[in-house]
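Q: compute the structure for the input listed below.
(chains A and B)
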Amino acid sequence: MTKGYVLDPTGFRTDDNEDAGPPLPGLKGAVIGFRVDELWRSWDWVSEIWAEMLRQEGAEVRFWRAGGRTGPVGEKVIRELDEFTDELDAFVVGLANCGSCTSWTIHDALWGKKKGLPTVAVATRHFDELSQNLARRGGESALRRHILPYPLDIRQKAEVHDIAKDHYRPFLRTFGLRDRLAVEPAA
Amino acid sequence: MEQGWGDGLPLIPPTEARVRGMIAQSGRFPDEVVAVMLPLRAEATVEKIAINAVMAGAPPEAMPLLIATVEAMTDPKFELASLNATTGSVVPAMIINGPIRHKLKIPFGAGCLGGVAGHAPAIGRAIRLLIRNVAGQQIDVTSQSTYGTPGRVAGIVFGEWEEKSPWAPLAERLGVKGDAVTVYGAMGTANICDMIGNTADHFLQIIGKSLAYPGANGFLPSSQWSEVLVAINPVWAEVVGKAYPNPEDVQQKLYDYASIPIDFLDPVYKEPIERIGRLKNGRVHLIQKPEEVFFMVAGGMGGLHAAMLHSWGTCLTTTRAIPQVADTETAAA
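A: Just a heads-up that it's a prediction; the model follows:
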């Protein structure tokens, strides 16, 4: 039998950083930035609860709302992202709750991670795998990701607030605070 | 199939000889990087484009068109990364202008959006294979498209019937004369039928009002853009062109008609539209600016129908010139 050879049609990226990046060393005095979006009110509701709980533990919380990604608006958004992340000690990015917004969430999270910030990307369960795949294709497979239930956006505000409260401690553990939570001295 | 290289249809084996023949028609070196394709961030070299073109069955003469298309859709303003990831059903449609339509047998008359025997399906498929194999778009891996679209198999590839158009070609109106490809993020195709109207305003009205369905991405408060593409059949185009020889007037008319009264919507939809200031005289427009309405002449002489291709809402349409390659020997030299 004659063997034939064909050329490989695929492109591939082999480089990968398997380091999750620095953990959040503590909450007191830390400036923690939330990237929210123009899409998901449920993410506004989650982040407002987490922000309040973080403030109660001594953190300073800031918000930045990302907009469109193309044209002059897109250039402005990237400048804002750069300036916003320059002033943070930690970065929370969401919400990966659709295909394109997962792409943007991971893009912005990698921006923070590459600046050396403790960074967590937040996704809903259905978009967990996509967010992981996009982080891997961005060369950062170990990006910290926190996963919220799905579907989230069709729930009522009170229910989403309860979910946010339930997920607060796990979210902090995703940030690398797992051990410190137990030993951090009381104020 | 086992390698995950295909779309389920039979593939032509990309042997070295076939691939070299394809590259020769490009006038470029095989290792030249045309673009980095997202989300995989892999390099689309001339050789990778040629390999996928061979597999798809595209003719070697299509290489300059394929390269121009890759350049157009990897322009950052086209936002290929999120297009490939979205839950939407968007596909980069290729609209071809210039004499190359004839050389490559790109359809622009009857059946131009699908069904004409010619090179268009293979050319579209080559781009789809590149998006799969180089950009890395795979359903449930890097793409969450809820439905997908038939256009994600063989693309949407058609030309403008320039010879029947009362206006300058679409690509020329977008800044590129002659052979050109315009890449547009299309949410599929839909038909508009009118067997009653007989004036330019009738036709523009039925097209514009048909565009404005509430679930179109252009009505989403989060949509930064809301481009729309309309193909007008040559019979209607002649009537419309006589009344509105200036293409900007056609754009304005379609913009005006493509709107709905805000009270048509439930308050939960109304509030965010009002908040971002898209309400004008009690109406919300599908398209945010008249210049975001693209129209062209295409379709059969049977008339009676127009085609509308709604946009996804993030990609900005991009147009690239298709370079001419003198001949195979020159290109290979």
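Q: what score does the residue nearest to A:S141 when sequence neighbours are not counted have for pLDDT?
A: With sequence-adjacent residues excluded and distances taken as C-beta to C-beta, 6 or more residues apart in numbering or on different chains, A:S141 is closest to A:D16, at 5.3 Å. Where you see a C-beta, it was placed from the backbone N, CA and C, and this is true even at glycine. You'll see A:D16 listed with a pLDDT of 87.
Q: hmm, A:A135 and A:D16 touching each other?
A: No: at 9.6 Å, A:D16 does not count as touching A:A135 under the criterion of C-beta atoms under 8 Å.
Q: which residues touch the residue nearest to A:S141?
A: A:136, A:139-141 (C-beta atoms under 8 Å, 6 or more residues apart in numbering or on different chains).
Q: just the buried ones out of those residues, please.
A: The neighbour-count test (16 or more other C-beta atoms under 10 Å in any protein chain shown) applied to the contacts of A:D16 identifies A:136, A:140 as buried.
Q: and the helices in the stretch 151-300 of chain B?
A: Applying DSSP state H, counting those that start in this stretch to the stretch 151-300 of chain B gives helices spanning B:151-154, B:170-173, B:200-211, B:234-243, B:247-257, B:267-275.
Q: could you dump the ones you listed to JSON lines with distance to B:T182 and mean pLDDT?
A: As requested, the helices of the stretch 151-300 of chain B are exported to JSON lines (distance: least, C-beta to C-beta, whole Å; pLDDT from 0 to 100):
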{"stretch": "helix B:151-154", "distance to B:T182": "15", "mean pLDDT": "96"}
{"stretch": "helix B:170-173", "distance to B:T182": "5", "mean pLDDT": "98"}
{"stretch": "helix B:200-211", "distance to B:T182": "19", "mean pLDDT": "98"}
{"stretch": "helix B:234-243", "distance to B:T182": "18", "mean pLDDT": "98"}
{"stretch": "helix B:247-257", "distance to B:T182": "15", "mean pLDDT": "98"}
{"stretch": "helix B:267-275", "distance to B:T182": "29", "mean pLDDT": "85"}
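Q: pick the most buried one from the ones you listed.
A: helix B:170-173 (a mean of 22; mean count of other C-beta atoms under 10 Å in any protein chain shown).
Q: which other helices and strands contact that one?
A: strand B:91-97, strand B:180-186, strand B:293-297 (3 or more C-beta pairs under 8 Å, 6 or more residues apart in numbering or on different chains; DSSP states H and E).
Q: the same query, at a cut-off of 7 Å, please.
A: strand B:91-97, strand B:180-186 (3 or more C-beta pairs under 7 Å, 6 or more residues apart in numbering or on different chains; DSSP states H and E).
Q: the last one versus strand B:293-297: what angle between them?
A: For the pair strand B:180-186 and strand B:293-297, the angle between their directions (axes from the mean of the first three to the mean of the last three C-alpha atoms, to 10 degrees) equals 120 degrees.
Q: and the residue lying closest to B:L265 once chain neighbours are set aside, what are its phi and psi?
A: Residue nearest to B:L265 in three dimensions, not counting chain neighbours: B:P214, with 6.4 Å by C-beta to C-beta, 6+ apart. Main-chain dihedrals, B:P214, degrees, to the nearest 10: phi -60, psi -30.
Q: look up how far B:I123 lies from B:P214.
A: Noted for B:P214: a distance of 35 Å to B:I123, by C-beta to C-beta, to the nearest Å.
Q: more crowded one of these two?
A: Ranked by neighbour count (other C-beta atoms under 10 Å in any protein chain shown), B:P214 and B:I123 place B:I123 first, with 28 against 12.
Q: pretty sure the more buried one sits against B:A58.
A: Yes: under the criterion of C-beta atoms under 7 Å, B:I123 makes contact with B:A58 at 5.1 Å.
Q: now do the shared contacts for those two.
A: Overlap between the contact sets of B:I123 and B:A58, as judged by C-beta atoms under 7 Å, 6 or more residues apart in numbering or on different chains, is given by B:L66.
Q: near chain A, which residues of chain B show up?
A: With the criterion set to C-beta under 7 Å from any C-beta of the partner chain, chain B comes near chain A through B:5, B:13-16, B:19, B:37, B:39-44, B:48, B:51-52, B:55, B:77, B:79, B:81-82, B:85-87, B:129, B:133-134, B:136, B:141-145, B:222, B:224, B:314-316.
Q: show me where the stretch 1-150 of chain B dips below the pLDDT cut-off.
A: For the stretch 1-150 of chain B, the stretches flagged by pLDDT under 70 are B:1.
Q: please enumerate the strands of it.
A: Taking DSSP state E, counting those that start in this stretch, the strands of the stretch 1-150 of chain B run over residues B:33-37, B:42-45, B:91-97.
Q: buried residues in the last one, which are they?
A: If I follow you right, that is strand B:91-97. Using 16+ other C-beta under 10 Å as the test for burial, strand B:91-97 gives B:91-97.
Q: what ranges do the helices span in chain A?
A: Along chain A, the segments classed as helices by DSSP state H run A:41-56, A:71-86, A:99-114, A:128-137, A:157-172, A:180-183.
Q: chain A against chain B: which residues are in contact?
A: Counting by C-beta under 7 Å from any C-beta, chain A sits next to chain B at A:4, A:6-7, A:9-13, A:38-39, A:68-71, A:73, A:98-100, A:102-104, A:127, A:130, A:133-134, A:137.
Q: now those: which count as buried?
A: Applying 16+ other C-beta under 10 Å to the residues of chain A next to chain B flags A:6-7, A:9-11, A:13, A:38-39, A:68-70, A:98-100, A:102-104, A:127, A:130, A:133-134, A:137 as buried.
Q: quick one: B:S311 and B:G185 touch, right?
A: Yes: with contact defined as C-beta under 7 Å, B:S311 and B:G185 form a contacting pair (5.4 Å).
Q: returning to what we had before: what is in contact with A:D16 and A:A135 at once?
A: A:S141.
Q: quick one, grab the pLDDT at B:E329.
A: 44.
Q: how about the residue positioned nearest the centre of chain A: what's its closest non-neighbour residue?
A: Residue closest to the average C-alpha location in chain A (C-alpha atoms, centre = their mean): A:A121, at 1.4 Å. Once flanking residues are discounted, A:A121 sits nearest to A:A109: 3.8 Å by C-beta to C-beta, 6+ apart.
Q: pick out the residue of chain B closest to chain A.
A: Nearest to chain A in chain B, going by C-beta to the nearest C-beta, is B:A42, at a distance of 2.5 Å.
Q: that residue pairs with what?
A: Here B:A42 sits in beta bridges with B:M37, going by DSSP bridges.
Q: hmm, it is touching A:G11, no?
A: Yes: at 2.5 Å, B:A42 and A:G11 qualify as touching, with contact defined as C-beta under 7 Å.
Q: what sits in contact with each of the two?
A: Joint contacts of B:A42 and A:G11 (C-beta under 7 Å, 6+ apart) are B:V134.
Q: give me the pLDDT for the closest residue to A:C101 other than its chain neighbours.
A: Sequence neighbours aside, A:L39 is the residue nearest to A:C101 in space, at 5.6 Å (criterion: C-beta to C-beta, 6+ apart). Note for A:L39: predicted pLDDT of 87.
Q: was I right about A:L39 contacting B:S222?
A: Yes: under the criterion of C-beta under 7 Å, A:L39 makes contact with B:S222 at 5.0 Å.
Q: now residue 13: phi and psi?
A: Here I'm looking at chain A. As for A:R13, its main-chain torsions (degrees, to the nearest 10) stand at phi -130, psi 120.
Q: gap between it and A:L134?
A: Counting by C-beta to C-beta, the gap from A:R13 to A:L134 is 12 Å.
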